[in-house]
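> Mind looking at a prediction? Sequence and model below.
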Amino acid sequence: MTLLETLVQPVAATGMFANAWWMIGAPLAVAAILLLAGRVADAWGHFLAVAAVVFSFAVAACLFAQLLGRAVDARIVESQLFTWFSVGAWTFDVGLQVDPLSILFALLITGVGSLIHIYSIGYMAHDPRRRRFFAYLNLFVAAMLTLVLANNYLILFVGWEGVGLASYLLISFWQEKHSAAAAGVKAFVMNRVGDFGMLLAIFSMLVMFGGSSFTAVNHGAANLPPLWATLIGLFLLLGACGKSAQVPLQAWLLDAMEGPTPVSALIHAATMVTAGVYLVVRSHVLFEQSAIAQTAVVLVGTVTLLAGAWIGTSQDDIKKVLAGSTMSQIGYMMLAAGIGPAGYAFAIFHLLTHGFFKANMFLGAGSVMHGMHDDVNMRNYGRLAQYMKYTYWTFFCGYIAIIGVPLTAGFFSKDHIIEAAFHHNLIIGLCALLGAGITAFYMTRLMFMTFWSEKRWEPGVHPHESPKVMTIPLVVLAVLSLVGGAAMNWWIQTWLEPAAGNHAHEVALFTPIGGVTIAVVAAGVALGWYVFGRNPIPKVAPASRNPFTLVGRNVLYGDLINDSVAVKPTYALGRAAVATDDAALDGAVDGLARGFGGLSVVVRKLQTGYARSYALTMTTGVLLAAVVLILSQLA
Amino acid sequence: MTSMLVPLFTAPVIEFRELAPVLILFAAAIVGVLVDAFLLRDWRRWRDEIQMGLLIGSTVAALVYVVLNARKGLSGPLAMGSLMLDGPTYVAWGALLVFGLLAVLVFRERRVNGGVTVFASAASSVPGSVEEAEADRVRLEQTEVYPLALFALTGMLVFVAANDLLTLFVALEVFSLPLYLLCGMARRRRLLSQEASLKYFLLGAFSSGIFLFGVALLYAFAGSFRLGDIAAAVTAPQYGRGLLYAGLVLLVVGLLFKVGVVPFHNWTPDVYVGAPTPVTGFMAICTKLAAVLATLRVLYVALGGERWSWQPMLAVLAVLTMALGAVAGLTQRDVKRMLAYSSIAHAGFLLTAVVGASQDAARTPTSVSAILFYLIAYGFATVGAFGLVTMVRNEAGEDNSFAAWSGLAKKNPWIAGLMSLFLLSFAGIPLTAGFIGKWTVFAAAWRGGYSWLVVVAVLLSLVAAYFYLRLIVVMFGGEPARNSFVSEASGWTWVPVLIGAAATVWLGVLPDSVLSVASGLGTFLR
């Protein structure tokens, strides 16, 4: 059975499916209400925000149940809302598509989103701008749902930009911190590079397929010239790299940790940063037309999974360790998505389990910070297991899930990816295996520095457990981290078939490669204990000459590279452009400012001189235009 | 067939109804000048109200005629063929009247400026002189600004409809001269303003010379000033093409000067900064709109057959323009100057669609409707942004430095929020009008076979997005500036700003309402 034969046609939305837009509408409306209502809403705004997300979750759950009841070939449901605009022969519609892939995302976003909203009630209780925070969170949920529910790439792009906007607003939420504002700008700029890829991909699709709807693209892909398939694939990958913090556009994610911790959990771990994986899986028909683009996805994923893990080994800031880990885990997903039909379901599987355990750990880190006066430096932690029982045990569940202890969520999803990677290519497989070992190492380091070892607290810090409103979401996520994998392992591949294509299933639990993986993970844990568990952890990071440590501490010199490759040259160019442009006037203006009255004669002389030089530029321009015209005649 | 019966003189046929918008504005402008000159002493204090009434009344009346005529479907050559009434003319007239009105409403603003307008009390007095102080003391006002703006608008209306090169030239001068004057009439920083005015005038004169030379050469080539005749001559030339190419280059350069295309842009930053801000807003949108439309008409109607020769030339200029606008904008520390470079970058983005000259299956250039939409989207954001620029001030007057805008969100979140909306629209973020505008012009360029140009344009639009964002960050993240404040503005400023904001969102969410009109009216007549 070839893949194209299995392409399932969308069916028109009826009944509840026609109301799919409620999921987006509710949080969007609440965001608007909270922003416009002003202080009146301070007292109850956050409850309304939680209610909106829970409502969206309920709608998503309803739709999910209905999808389950449908025949397999009727599980892609499309609802056209209205025509946005048309340019010439191209018409752009606003439409939603509920299918096995998008509904899983909708459940993740609204489900984990609800928990994080609830947690935030406690976490942001004392923030004077709590109402605004919840408005932004709701805005984010609405945009993220738009991204995953869109039935064409242009609406997807609208959501794509929307989550970006919400993310910048939330990263720089504590704008009085200069670093937070700078981090927001950085995220914005690096994401624009990704958007560049997205826009070009969409333009290419319009030209090649006459539209950007998933249906049009999937059907046209088979006849796509190979060059264009590769180009569109690479453009999409560029977009995915920007949003999902994959190498080479990874540098913004660590800085994004300046935002409040629930934001890191929701946006920079569980949902938004996985949009790139969603994009690749959603576009799988396109990627299958180009081996080059697929290989590029695999390479990006592999490099990032190692780079992220590397960063995780040497940071002292607990959130930055988790951020490096997020990069690394998304690298796994990308890798799986690039492997081909065998990997799509695993990419999504790992994405979901990662959503559980990483949100769990980020919220746990938030709970730790809550008890430690917002200190993020793990060198000031230690022995917290005794003082924060709920936080510790839930975090522990996340820990064993991420390193892949058998039967936890990460075990199922990650082992499948490693297995598939070995089948794909030996070297890629070894890299994935190595990544699993490093993950075990840095997570063990984190556990020792935070929860075990001895107290290294700053004076005046009295760790205490967080309120129930924060610990209950933690417990729910911890349970999901434990059982989420087992619950989905035998089901998800079949379920995703209508959206991700047909292929042989892989559900085996204990394979030879699986055994090796467990051994490598055990070695990683042992190494972590050997380095950090045997001796007291120094309060100040020891000076290190180890190049591995240095590079890791400096986040792989990502900023330095960006600065010298992109930022500095652009600014130099800008200054040069302005210098030639402004030399004239600025001199005159400065002169004016200094000698407002008496110097008018001198200034007048300056002026005629400069007007003449401007005229000279124009004359040069005329010549330039003439030369180009003549050359184009000759050509 | 010459016969003695043919009269020596034929009375020209004037289509008064079709020409009504132009005539109404022109008449109102003349009445305005007369009012200023001859108003009786007792009526003097009403002068301002009378001028404003004339202006609003005449633009609204003209707008009504535009809409009525368009609905009636009137079209074709007017005034012995010197003007052409067609779809783009209607859209451009409508847009010019709306933007002109919105921009000129801000001229009347007094509250923000401590009870006086932004215009010099007596523009002819020497800055810093006794006469100036005396004029300030008795609160003289140059109410001539309103008729001047009306003259400029009249010229622009003719400019976008001109169907022969001579009319085009006359219209160019008619709208340019009042603008030179308006630029030099700032109340504060008068030397800077006068310098800008003089510089604009000198360079404008220079470009007019180039333009006129081009007209002469094209006449030599085609034997006619009519755009249609030139098009005919291009397909079946009587003389060598050397004249055509030389004329084409010079004529197009003369037009692109007004658009603000690199390397004919130098005047833009200086004039934008020097001119009184409401005038800058007026020029930023109306001049650009008129100049782009006239360029389009000349290129598509008269020189469409020669498309293969001007497309590469304009593509090179488009790249230069986008690159300089976007890159030079990065290092600006002054809001008005940044907006000047932004307007240069936007001229470049517009040029991409001009270059594309893309046509539908139905042979209607979609470039035209894309460009019209882009200009309308850009216009609303521009009107709004320049309106807001007038409100941030220090003791001496308007303060445009980034330092003064720092932390604005803490002083007045509404102004900062609205400014951000306009900046996001300039940057082309989805759900603002600017996104749809960029999308349509890039799509037109791509369809026209200039995909490489679109790649460059998208890349540079990202660079440009950065400097808009920087101002947003300054407003929201910076420490509140101590020596600047937000001055209370009256409805004269707020109405245009709020209309601009509403339209920016409206056109972003439901663009089809305007885009379908622009597409329906997107074909030039010959």
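Received, thanks. Numbering: from 1, shown residues only, chains lettered A, B, ... in the order given.

> Show me which residues of the stretch 201-350 of chain B sit near chain A.
B:202-203, B:206-207, B:210, B:245-246, B:248-250, B:252-253, B:257, B:262-264, B:266-267, B:269-270, B:273, B:308-313, B:316-317, B:324, B:327-332 (Cβ under 8 Å from any Cβ of the partner chain). In this view, the C-beta of every residue, glycine as well, is placed from N, C-alpha and C.

> Give me the distance between the closest residue to chain A within the stretch 1-150 of chain B and residue B:140.
Closest residue of the stretch 1-150 of chain B to chain A, Cβ to the nearest Cβ: residue B:128 (4.8 Å). Going from residue B:128 to residue B:140 by Cβ to Cβ, to the nearest Å gives 16 Å.

> Filter the residues of the stretch 201-350 of chain B next to chain A down to the buried ones and hand me the ChimeraX line.
To isolate the buried ones among those in ChimeraX, judged by 16 or more other Cβ atoms under 10 Å in any protein chain shown, type:
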select /B:202,203,206,207,210,245,246,248,249,250,252,253,257,262,263,264,266,267,269,270,273,309,310,311,312,313,316,317,324,327,328,329,330,331,332
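
> Helices - which of the residues of the stretch 201-350 of chain B next to chain A land there?
B:202-203, B:206-207, B:210, B:245-246, B:248-250, B:252-253, B:257, B:267, B:269-270, B:273, B:308-313, B:316-317, B:324, B:327-329 (DSSP state H).

> tally of neighbours for residue A:287?
Residue A:287 sits with 27 neighbouring residues when counted by other Cβ atoms under 10 Å in any protein chain shown.

> Quick check, it in contact with residue A:280.
Yes: at 6.5 Å, residue A:287 and residue A:280 qualify as touching, with contact defined as Cβ atoms under 8 Å.

> what's the overlap in contacts for these two?
Contact with both residue A:287 and residue A:280 is made by residues A:236, A:297, A:338, according to Cβ atoms under 8 Å, 6 or more residues apart in numbering or on different chains.

> Which residue, other than its chain neighbours, is closest to the first one?
With sequence-adjacent residues excluded and distances taken as Cβ to Cβ, 6 or more residues apart in numbering or on different chains, residue A:236 is closest to residue A:201, at 4.8 Å.

> Can you name the helix or strand that that neighbour falls in?
Using DSSP states H and E, residue A:201 sits within helix A:178-209.

> by contact count, what packs against that helix?
On a contact count with 3 or more Cβ pairs under 8 Å, 6 or more residues apart in numbering or on different chains; DSSP states H and E, helix A:178-209 meets helix A:153-171, helix A:214-220, helix A:226-243, helix A:252-255, helix B:433-447, helix B:451-477.

> let's go with 6 Å and repeat that
Under the contact criterion of 3 or more Cβ pairs under 6 Å, 6 or more residues apart in numbering or on different chains; DSSP states H and E, helix A:178-209 touches helix A:153-171, helix A:214-220, helix A:226-243, helix A:252-255, helix B:451-477.

> same question for the following helix or strand past the shortest one, mean pLDDT?
Right, the one you point to is helix A:252-255. Past helix A:252-255, further along toward the C-terminus, the next helix or strand under DSSP H and E is helix A:261-265. For helix A:261-265, mean pLDDT rounds to 90.

> Next secondary structure element downstream of helix A:261-265?
helix A:275-282.

> That next one - what's its average pLDDT?
The model assigns helix A:275-282 a mean pLDDT of 94.

> my guess is residue A:428 meets residue A:422, correct?
No: the criterion here is Cβ atoms under 6 Å, and residue A:428 misses it with residue A:422 at 7.9 Å.

> where along the stretch 501-635 of chain A do the helices fall?
Remark: helices assigned in the stretch 501-635 of chain A by DSSP state H, counting those that start in this stretch are A:512-528, A:547-553, A:558-562, A:568-594, A:600-634.

> rank those by mean pLDDT and give me the bottom one.
Among the helices of the stretch 501-635 of chain A, helix A:568-594 carries the lowest mean pLDDT, a mean of 53.

> Quick one: neighbours of residue B:490, just the number.
12.

> Quick check: pLDDT value at it.
90.

> list the contacts for it?
residue B:111 (Cβ atoms under 6 Å, 6 or more residues apart in numbering or on different chains).

> where's it relative to residue B:390, distance?
Relative to residue B:390, and taking Cβ to Cβ, residue B:490 is found at 11 Å.

> Residue B:371 now?
Taking Cβ to Cβ, one finds residue B:371 at 29 Å from residue B:390.

> So between those two, which is more surrounded?
residue B:371 (31 against 24).

> Which pLDDT value does the model give residue A:1?
32.

> Next one: the residue most central in space within chain A from residue A:499, what distance?
By Cα atoms, centre = their mean, the mean C-alpha position of chain A lies nearest to residue A:273, the distance being 1.1 Å. As judged by Cβ to Cβ, residue A:273 and residue A:499 stand 21 Å apart.

> Show the contacting residues for residue 151.
Picking chain A for this. A:78, A:95-97, A:213-214.

> wrong one, I was asking about chain B
Residues in contact with residue B:151, defined by Cβ under 6 Å, 6+ apart, are B:29, B:178.

> Which strand or helix spans it?
helix B:145-161.

> Tell me the first helix or strand C-terminal of that helix.
From helix B:145-161 onward toward the C-terminus, using DSSP H and E, the following helix or strand is helix B:165-183.

> which residue packs closest to the closest residue to chain A within the stretch 151-300 of chain B, ignoring adjacent ones?
Scanning the stretch 151-300 of chain B for the residue nearest chain A gives residue B:263, at 3.6 Å (criterion: Cβ to the nearest Cβ). Leaving aside its sequence neighbours, residue B:263 sits nearest to residue A:621 (Cβ to Cβ, 6+ apart; 3.6 Å).

> Near the one you found, how many other residues are there?
Neighbours around residue A:621, by other Cβ under 10 Å: 23.
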